[in-house]
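Engineer: Need a 3D model of the sequence below.
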Amino acid sequence: MRLLARPAAALALGLALGVPVWAVADDTPKSDPPAKKKVADKTPDANSSTNTAASTDSTAAPSPATPAPAPAPAQQTDKPATKAEPVYPVAPLLGDRATTFTLESGEMLGRHVVGFSAGASKISRAPGDVTDLDVDLDLAVGINDRISLFLGFTPYSHIHTGRPTELSLNPTLANCPLVPLNKTQSTIYHFIDCGAGTAGAAYVEDYPFANHNGGGVGKLAFGAKFNLLSQQRGSSPIAVALRTDFIVPTVTGLSDLLDNEVQNGEFNFQFMVAMSRKWGGTIETVLNLPVLITIDPRSGGQALLHQAKQFRPSFGFTAFPNKRFQIISEYNGVVFFGSATQNTTFGPRDPVDSVSGIRFYPWKSFAIDLGYRSTFGLNQVTDKNGFVIRAATTFVPTKKVPPPVTLECAVAVADPSAIEATTGGAVTITTRAAASDNGPVSYTYDVSGGQIEGSGSQVRWNYSGLPAGTYTITPKAATGKLVATCPSTTVALTVAPPAPRLVCSATPSSVHAGEYVDVSATATDPKGNALPYPVTYQWRASGGTVEGSGANVKLNTTGLNEGDYSVTARAEGKGGAADCSAPVNVKNIQPAREIARCVFKKFSASVTNACKNPPLDGVPPRFQQFPGATLVIEATADPSETREDASKAMKTKGKAKVTPEQLAKDRAQNVKDDLVKRLGVPESAIETHSSVGAKGGAANGAMTITLVPQGAKYEPKNP
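Structural biologist: Presented below is the predicted three-dimensional model:
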């Protein structure tokens, strides 16, 4: 909580100062406009269809036989731009579009936009109780919507050393030569060994030559930024960009580096990923992930010290990014890593600092930043206070405003204006429009029915399938962003009654002689819709007798021989007549026949193998030859076939009584079960009959199966 006290207080102060002014501001700068959407055509009525036809012929002469009504005024869908859109100023220090004080967004400046900023910033470092004050100049140019180039220069930097004896390169340290890093001793700071028994002093990781109060010219940086995703163009929920920095030293000699203190004398490289998102007009957040690749400073071909690489994650936000007063807070970390680094955790060697304050726009393209900076974790540093002060502006090329364009449109009367649909004649619509700049003119047509065929100023109206009535055609002309609605024209369409279309069907289509067939006829128009007029039906058949009248009749097949017949209908109405026919197949009735027989053992209802093979096994193949046939099972029993008689015959004591009637039923049912369960005969196609014959009768105990074809008559012998 102690670490966050100062930035929290600064943020609260900024809110107190900024919110009242923000609430009354009405001329605040706006964000870059999103990519413009295409202008949608006017939606036609629910009962109309729209056809689009483009043409570049705007100078053709109108038809001499067609009068031209008065021109309709053009409607301009978008006003031409009269001034440049406001944009945010160049980001101070780090990038070419600022979101916070030192962090840059994933968005770009824009095509041919130039940004410039100048400012100063102060930070604290350890060891040595070091503070650094930089004066920065930044220039950025937008090549297009995805690429920007930038140039940064630090004309002056000042180093203040509060505890110079903690720094290895301080000239007051005697007998401490510049030698490579002592890799055998672990310390929170990198230090240079001053000899056996002498404690080495450390150096500042990102300002390795800091050693006394002084300074000089800073480094020069240039590079490019590439946009991958853009929120302002409407293609992504976030903005993402990649940036490369080439850092060129302006001081290289060892003695000059010791006097200059703010550079390492080597060419360095930085790569960064910048991400940002605007949450409406309330807040904009940004995340920067830069990695600085450093090269060890050298003198005479030898490395003077080992300088770690740097990872600088930073996060910040801007409140009210579209207002004249903005509240800004950010957090910047430094993590040193590489072979020369013993510690990669946040702390005294890897500081975190915060910057909080406000941004004020005196003008839409000019901003002033005021921020308070504080460093966390450097407990041995007496001065942890820093600041950011910066002014930035942008120069946006003025867009050329084209002269206003006018569009006039007139339409000739449709030729012809009345037509009979059955003739199939063509209806031509001729439109004439002209733009004041002689630019190309395109045409669209709204119709209350039918379709437009062709394109340009002269098209055809297709009225196929339309009912009788009056139809309206409304042309529109367009050039650039101007749209003109032309006077409408009408066509009166008369339609003759449609001829009937007739379809016949017979159910069932195959019967045995003597059965009835249901025959129906359905009359519709050619599209399958109900006819708008009544029809009468006439029937005739090539065999049999047609019974009934209207659209549904019956065919009586009594007395017909086996063969194919047809039933024909004719429907007559206002639109004409139509015929149809339905085929009917008549089959002769086959007589019933016995196909299986076996005899049960006396006193038994079990279906033995002698009964199964071959008698029952031969039933399914013959049954399948007659679709719709029925199997009739008849079983008999002798009056003497009782349980008591069976017990006497086998000299055993009977335990229950069984009647001959029940025994006959069991025999018929067991045969049915065998056909159904073992042989797969449908149960619904089997009838069973049982009876008790005369005592001692020759047929007693016998079972027969009779095949009754569909339509045949059969009376069981023993019902």
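Engineer: If Arg597 is in a bridge, with which residues?
Structural biologist: Beta bridges link Arg597 to Thr704, judged by DSSP bridges.
Engineer: Look at it and report its pLDDT.
Structural biologist: At Arg597, the pLDDT value in this model is 91.
Engineer: measure it to Gly115 for me?
Structural biologist: Arg597 is 110 Å from Gly115, where distance means C-beta to C-beta, to the nearest Å. Every residue, glycine included, has its C-beta placed from N, CA and C.
Engineer: Which one of these two is surrounded by more residues?
Structural biologist: The neighbour comparison of Arg597 against Gly115 (other C-beta atoms under 10 Å) goes to Gly115, with 28 against 13.
Engineer: was I right about Lys225 contacting Asp145?
Structural biologist: No - Lys225 is beyond contact range of Asp145, at 11.9 Å (criterion: C-beta atoms under 8 Å).
Engineer: if you count what's nearby, which of those two comes out ahead?
Structural biologist: Lys225 (27 against 17).
Engineer: Need the residues that contact the helix or strand where the more buried one lies.
Structural biologist: Using DSSP states H and E, Lys225 falls within strand 220-229. Applying C-beta atoms under 8 Å, 6 or more residues apart in numbering, the contact partners of strand 220-229 are 95-96, 104, 106-108, 145-154, 235-236, 238-248, 250, 270, 274.
Engineer: same thing with stretch 158-165?
Structural biologist: Contact partners of stretch 158-165, identified using C-beta under 8 Å, 6+ apart, comprise 127-133, 167, 170, 172-173, 201, 207, 210-215, 261-262, 381-383.
Engineer: Output the below-cut-off pLDDT ranges for the stretch 401-550 of the chain.
Structural biologist: 402, 412 (pLDDT under 70).
Engineer: any idea how far Ala506 is from Asp673?
Structural biologist: 39 Å.
Engineer: Comparing the two, which shows the higher neighbour count?
Structural biologist: Shown here are Ala506 and Asp673; by other C-beta under 10 Å, Ala506 has more neighbours (20 against 13).
Engineer: A strand includes the more buried one, no?
Structural biologist: Yes - under DSSP: H, G, I helix; E, B strand; the rest coil, Ala506 falls within a strand.
Engineer: Restricted to helices, list the contacts of stretch 158-165.
Structural biologist: Under the assignment DSSP state H, the contacts of stretch 158-165 contribute nothing to helices.
Engineer: What are the boundaries of the helices in the stretch 151-300 of the chain?
Structural biologist: 254-260 (DSSP state H, counting those that start in this stretch).
Engineer: Show me where it has its strands.
Structural biologist: 191-192, 201-202, 214-216, 220-229, 239-248, 268-279, 283-293, 298-299 (DSSP state E, counting those that start in this stretch).
Engineer: Same list (those) but as JSON lines, adding mean pLDDT.
Structural biologist: Output for the strands of the stretch 151-300 of the chain, formatted as JSON lines (pLDDT from 0 to 100):
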{"stretch": "strand 191-192", "mean pLDDT": "54"}
{"stretch": "strand 201-202", "mean pLDDT": "65"}
{"stretch": "strand 214-216", "mean pLDDT": "91"}
{"stretch": "strand 220-229", "mean pLDDT": "93"}
{"stretch": "strand 239-248", "mean pLDDT": "94"}
{"stretch": "strand 268-279", "mean pLDDT": "94"}
{"stretch": "strand 283-293", "mean pLDDT": "94"}
{"stretch": "strand 298-299", "mean pLDDT": "80"}
